[in-house]
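Asker: any chance you can model this:
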Amino acid sequence: MDREALKKQACSAIDDMSDALISASHAIHAKPELAFEEHFAHALLTDKVEEAGLPVERGACGLDTAFVSSFGDRGVEIGILSEYDALPGIGHACGHNIIATTGLGAALALSKLGAALPGRVRYLGTPAEEAGGGKEIMAQAGAFDGLDAAMMVHPAGINLVTMPSVAMNEVRVTFTGKAAHASAMPFAGVNALDALVSSYQSIAQLRQHIRQNERIHGIFNEAGLAPNIVPDRAVGTFYVRAADGMALAELKTRVKNCFEAGALASGCDVEIQWALGDYLEIKDCWPIAERYKANAESLGRSFFPLEKIPTTGAGSTDMGNVSHRVPSIHPMIACAPPHVVIHNPEFAKYAGSESGDAAVLDGAKALAMTAIDVMTDDKLMSDARDQFAETADLSAKAVAQAWHGDGDVTLGGCGCC
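Answerer: Modelled structure (predicted):
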């Protein structure tokens, strides 16, 4: 069977599954679950995989809500990813119900090619993108080892060939001092709030001397209990962003110095807790991304020019961590009007609407067709490998510094908002 015939068969399979895919999307949308708590979505998706006669490993990579299903017996191996966690308070305002079911639809459609499937598929359920960096945790367990390419699609207000992205990490700083009566015995106290304020001011000064595409922003979580008590504990949380993983590593060191300076000046102890892993910027595989664009255009999708996106309009995703390990794409598919941005309550409404349903079906078809292209076009795969190899050394360095084995799993997030 030739390439176009395979694509047609895969798209037909998605049409046949359309009611089930849309039903699954709506069910996940109606029951939003936070990072690492996506038990309903995990059960729904893995049940669908198993019902299709495919093997599935539940609770994969040491994460209760991760899963892996592999099938196919020859050729290149494509990773297709689903995300399904939601946001606190605003549910699926990032549209992960759509991401979940585009991945499901693409994987099941490819499986229905049976003996005609020209490659192998590894369908991965990846929890905790909004917080916790689930893909990096899975990567540490080998989830993406041996893949030839990886792909997923993210909903948005416009169709884009990729998501503009930056690298980021989240850090929580805790200063510990000594309480005392602020009027009667201030000399007996060690002021933790002073340490946090001093650190914040140091960071404000640092902002004058960082690159224009770097960001440091944070809040005070704890700053004392009463004005007449010298605060013995102060806590702040900050996001640190940079253009790429190596620039982020440098900026993290400078931020750390600000915290340590605050502790030294005030006499406090300091605990600096980073997230388990950096969210690395997306390393786009343009040969595959352009093929995805062509496939989506064949479905009637038109793309917004990437060069017209403001340079400041960038978020972060742990798909970036995958893209530094294997040639990857992370296109955006419109499910809402252009003025409705992700991480907005209004976007959540569109993610469960008819336009969201259309994104599920078109996204699944575009992913399945692109996977078939990669499996059947030797030059495409060769071009993808060659482009990836051009910066492979930098990617290896970024990956190596991105993991903090003693980090806090409750920190870290996509930073889109």
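Asker: so what's the residue count around Gly300?
Answerer: By the measure other Cβ atoms under 10 Å, the count of residues near Gly300 is 8. In short, each C-beta sits where N, CA and C put it, glycine included.
Asker: can you pull the contacts of it?
Answerer: Asp362 (Cβ atoms under 8 Å, 6 or more residues apart in numbering).
Asker: per-residue confidence at it?
Answerer: As summarised for this prediction, Gly300 has a pLDDT of 97.
Asker: list phi and psi for it.
Answerer: Here the main-chain torsion angles of Gly300 (degrees, to the nearest 10) amount to phi 100, psi 10.
Asker: next: the one 5 residues further on.
Answerer: With angles defined as degrees, to the nearest 10, Pro305 sits at phi -60, psi 130.
Asker: now do the helices in the stretch 151-300 of the chain.
Answerer: Counting by DSSP state H, counting those that start in this stretch, the segments of the stretch 151-300 of the chain that form helices are 192-206, 245-266, 286-297.
Asker: could you export those as TSV, including mean neighbour count and mean pLDDT?
Answerer: As requested, those are exported to TSV (neighbours: other Cβ atoms under 10 Å; pLDDT from 0 to 100):
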stretch	mean neighbour count	mean pLDDT
helix 192-206	21	97
helix 245-266	19	97
helix 286-297	21	98
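Asker: mind putting the ones you listed into CSV with distance to His92?
Answerer: Converted to CSV, the helices of the stretch 151-300 of the chain look like this (distance: least, Cβ to Cβ, whole Å):
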stretch, distance to His92
helix 192-206, 33
helix 245-266, 28
helix 286-297, 22
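Asker: leaving aside the residues next to it on the chain, what's closest to Ala106?
Answerer: Residue nearest to Ala106 in three dimensions, not counting chain neighbours: Leu367, with 3.8 Å by Cβ to Cβ, 6 or more residues apart in numbering.
Asker: in the helix or strand where the one you found lies, what counts as buried?
Answerer: Element membership of Leu367, judged by DSSP states H and E, is helix 354-376. The neighbour-count criterion (16 or more other Cβ atoms under 10 Å) identifies 356-376 as the buried residues of helix 354-376.
Asker: just the angle between it and helix 286-297, please?
Answerer: An angle of 130 degrees separates the directions of helix 354-376 and helix 286-297 when computed by axes from the mean of the first three to the mean of the last three Cα atoms, to 10 degrees.
Asker: quick one: average pLDDT of helix 354-376?
Answerer: Confidence over helix 354-376, taken as the mean pLDDT, stands at 98.
Asker: I'd like the next helix or strand past it.
Answerer: Next in sequence after helix 354-376, counting helices and strands by DSSP H and E, comes helix 378-390.
Asker: can you tell me which helices and strands that following helix packs against?
Answerer: Using 3 or more Cβ pairs under 8 Å, 6 or more residues apart in numbering; DSSP states H and E as the contact definition, the elements that helix 378-390 packs against are helix 286-297, helix 354-376.
Asker: how far does it sit from the chain's center?
Answerer: Taking Cα atoms, centre = their mean, to the nearest Å, one finds helix 378-390 lying 24 Å from the centre of the chain it belongs to.
Asker: give me the residues contacting it.
Answerer: 76, 148-149, 283, 285-288, 291, 326-327, 373-374, 395.
Asker: go on, stretch 132-145?
Answerer: With Cβ under 8 Å, 6+ apart as the test, stretch 132-145 has contacts from 35-36, 60-63, 66, 68, 79, 81, 85, 124, 126-129, 150, 275-279, 318-319, 321-322, 325-326, 402-403, 409-413.
Asker: centre of the chain to that stretch, how far?
Answerer: From the chain centre to the centre of stretch 132-145 is a distance of 12 Å (Cα atoms, centre = their mean).
Asker: could you dump it to CSV, C-alpha only?
Answerer: The C-alpha trace of stretch 132-145 is given here as CSV (Å, rounded to 0.1, in the frame of the first residue of the first chain):
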residue,chain,number,x,y,z
GLY,A,132,6.0,18.8,37.8
GLY,A,133,7.7,18.1,34.5
GLY,A,134,6.3,14.6,33.9
LYS,A,135,8.1,14.1,30.6
GLU,A,136,11.5,14.8,32.2
ILE,A,137,10.7,12.3,34.9
MET,A,138,9.7,9.7,32.3
ALA,A,139,12.8,10.5,30.3
GLN,A,140,15.0,9.8,33.3
ALA,A,141,13.3,6.3,33.3
GLY,A,142,14.1,5.8,29.6
ALA,A,143,10.6,6.4,28.2
PHE,A,144,12.0,8.0,25.0
ASP,A,145,15.1,6.0,24.5
